[in-house]
Every structure is written in C-alpha cells, then in structure tokens.
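K.L.:
the sequence isn't on hand, but the structure is:
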C-alpha cells in the first residue's frame, strides 16, 4: 500500500495544497518534476522542492516500515497545533490544540465549549507568517448552537490583532498575508453542517472521510451528565468511559462559583493541569487582573486587551 502524502511531515498548508491538487499518495508525486508539482499545487518551486525531498527521503524508508524514535518525534513535532488565544490554555496543551489527533472538549451547558470550537475554527486559518496553520474548518453542529454573528466577532478580533502586528513590524510577508486574511475569507473557509440526529451526522462524516483524513485535526464536544452512586453523585462526561479511549486528549471545562476553569484530564504528553479562562466578545481569552491596552508590539498571537464579558455558550 502506498503511503499517503498527508502522513509526511510537510508544512500543513503545503500538504493541504498537494492533496487538493490530487497528489494523494507517494506514487502520485514521486516521479514528477519540481516545476510540475509547483504548477499543479499552486505553490512556489522552493516549497515544491522541499516537499519532494521529504517525500523521496522518507518514502524510501517507509517501504520497509521502519522508524526510529527520533523520526517519530520529528513527525509528531511537525504536525503542529492550533493556538486558542488563551496563553494559559495553550501552555498546558503544549502549545495549543494538537493537529493530527482527536481532542475532546467536555463540560456542562454554558461553560464555553462552543465558544472554544468557534475560536479554533477561526484560529486554524491564521497565516503561517504569523505562526498559524493557514488551514480550513469543517464544523458539525449537533445542538444548533452555532451563531454566525458570534463567529464574525471572533474573526474580526483575530484579523484586528494580526493587523496590529503588521503595523508594528512592517514586514512584507505580513502585509501580503493580510490582503487575504479578512473576516469574509475566514467565513468562506468554514464549512458548516447542521445535524439533527446521529444518522445525519454519520452521513456527513462518511462523505467527508477523505477530506478530514488529509486536512484537519478533530475536535469533539461532550456534555456532562450526573452519575448517581449509593453514597454520592457527581458529574461525568455523558458519552461514558468507553468513549474516553477514542480521544487522544480530553479537556474538561467547568465552573467554580462564577469563574470558568479548564482542566486537561488526559494527554499522552502533558501533565494534568487546570487553568482559568474567560469568554469575552473577542473570544476565548486569558483572565486579566488589570485592563491593559492591546499590545501590538509583540508578534505572539495573544491579545491582551480585556473587553466586556459574554456569557454565551
């Protein structure tokens, strides 16, 4: 069986363009010239040459199905992650929500699961020159909780932050990226599906199986339910213990009084940790003790301005 292009440690945006151009397996691309790959995929010849070098080098090794631990680590690190705009959450996740894995977000109604999902749907599209993934999103809504107006607020805040970075640093790459990184373009790359029952959900997933395998990490949300035992009752994820093994990581959002907290309960590489966060009109953010103005002098994508609160889900 030919190894799929999506499994090689190539930059996510380049990998996505190769797959979109029809280069699904190593066999599809290995014998082509650099100029042919660049033209078909719509990438620079430098990017095409780098991608072909990786494919040829690791493709020959994969024929004997042999990997060293270092190669596995490099592949893991090459996958990257999606920032959340909450630096405390990014830190306990190891840099953000990991690509190429299944992350489960569970919690009671109103705590911010949908807000985090919409934040990620926007953040995955941040251009690479800003440290982003330049990706796309498929969003399955099973609770009718998706709000376009809310998504516009989050997208505008993200575009504004990148614009302020561009103004502060005056780099050509940033300016070029901002020409297409607009709220309208962000919305046009979020593919929304409303699912009324599990049959519709499964049907949509099956039709997008190949697309999901080659482009996106998977984020799942899970409501909480009450487990009643003889001496006590407590909240647990509604899908049960057996489902917990399907996800690579589990993030639980919960309330403590009037404050929101996120606990990383399960992760193959990060320790269990809890942080505090807030939902503002700009999106999912750190909790601030003061009210500093947004600082555009730093290249990190982490706005510091604290706007008004928004307690929507």
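P.N.:
Arrived safely, thanks for sending. Given the structure is predicted, the values throughout are model-derived calculations rather than measurements.

K.L.:
residues in contact with residue 20?
P.N.:
By Cβ atoms under 8 Å, 6 or more residues apart in numbering, the residues touching residue 20 are residue 41. Every residue, glycine included, has its C-beta placed from N, CA and C.

K.L.:
and the gap between it and residue 14?
P.N.:
Per Cβ to Cβ, to the nearest Å, residue 20 is found 11 Å from residue 14.

K.L.:
could you do residue 92 as well?
P.N.:
According to Cβ to Cβ, residue 92 stands 29 Å off from residue 14.

K.L.:
next, the buried residues of the longest helix seen in the chain.
P.N.:
Scanning the chain for the helix with the most residues, using DSSP state H, yields helix 148-169. By neighbour count with 16 or more other Cβ atoms under 10 Å, helix 148-169 contains the buried residues 150-151, 153-166.

K.L.:
now do the contacts for the residue nearest in space to the middle of the chain.
P.N.:
The residue lying closest to the centre of the chain (Cα atoms, centre = their mean) is residue 82, at 4.1 Å. Residue 82 is in contact with 96-97, 99, 120, 123-124, 132-133, 135, 217, counting by Cβ under 8 Å, 6+ apart.

K.L.:
one more: residue 142?
P.N.:
Residues in contact with residue 142 (Cβ under 8 Å, 6+ apart) are 195, 201.

K.L.:
poorly predicted segments of the protein, please.
P.N.:
By pLDDT under 70, the weakly predicted segments of the chain are 1-2, 59-67, 72-73, 75-78, 209-215, 217-246, 289-313.

K.L.:
repeat that for 90
P.N.:
Counting by pLDDT under 90, the ranges of the chain that qualify are 1-41, 45-81, 98-109, 131, 133, 135-146, 169-172, 191-250, 266-269, 288-313.

K.L.:
quick check: phi and psi at residue 13.
P.N.:
Torsion angles at residue 13 (phi, psi; degrees, to the nearest 10) stand at phi -70, psi -40.

K.L.:
that one against residue 129, yeah?
P.N.:
No: between residue 13 and residue 129 there is no contact under Cβ atoms under 8 Å: 10.6 Å.

K.L.:
those two - which one has more neighbours?
P.N.:
Remark: of residue 13 and residue 129, residue 129 carries more neighbours, 20 against 16, as counted by other Cβ atoms under 10 Å.

K.L.:
would that one count as being in a helix?
P.N.:
Yes: remark: residue 129 belongs to a helix, assigned using DSSP: H, G, I helix; E, B strand; the rest coil.

K.L.:
contacting residues for it?
P.N.:
Residue 129 neighbours (Cβ under 8 Å, 6+ apart): 171, 173-174, 177.

K.L.:
let's have those in JSON lines, adding distance to residue 208 and secondary structure.
P.N.:
Formatted as JSON lines, the contacts of residue 129 follow (distance: Cβ to Cβ, whole Å; DSSP: H, G, I helix; E, B strand; the rest coil):
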{"residue": "171", "distance to residue 208": "36", "secondary structure": "coil"}
{"residue": "173", "distance to residue 208": "32", "secondary structure": "helix"}
{"residue": "174", "distance to residue 208": "32", "secondary structure": "helix"}
{"residue": "177", "distance to residue 208": "27", "secondary structure": "helix"}
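
K.L.:
between the residues you listed, which sits nearest residue 114?
P.N.:
Taking Cβ to Cβ as the measure, residue 114 lies nearest residue 177 of these, at 27.9 Å.

K.L.:
out of everything not next to it in sequence, what's closest to that closest one?
P.N.:
Leaving aside its sequence neighbours, residue 177 sits nearest to residue 127 (Cβ to Cβ, 6 or more residues apart in numbering; 3.9 Å).

K.L.:
how many neighbours does the one you found have?
P.N.:
By other Cβ under 10 Å, neighbour count at residue 127 equals 18.

K.L.:
returning to what we had before: any shared contact partners between residue 20 and residue 14?
P.N.:
Residues touching both residue 20 and residue 14 (Cβ under 8 Å, 6+ apart) are residue 41.

K.L.:
re the thing from before, for the residue nearest to residue 177, what are phi and psi?
P.N.:
According to degrees, to the nearest 10, the main-chain angles of residue 127 amount to phi -60, psi 150.
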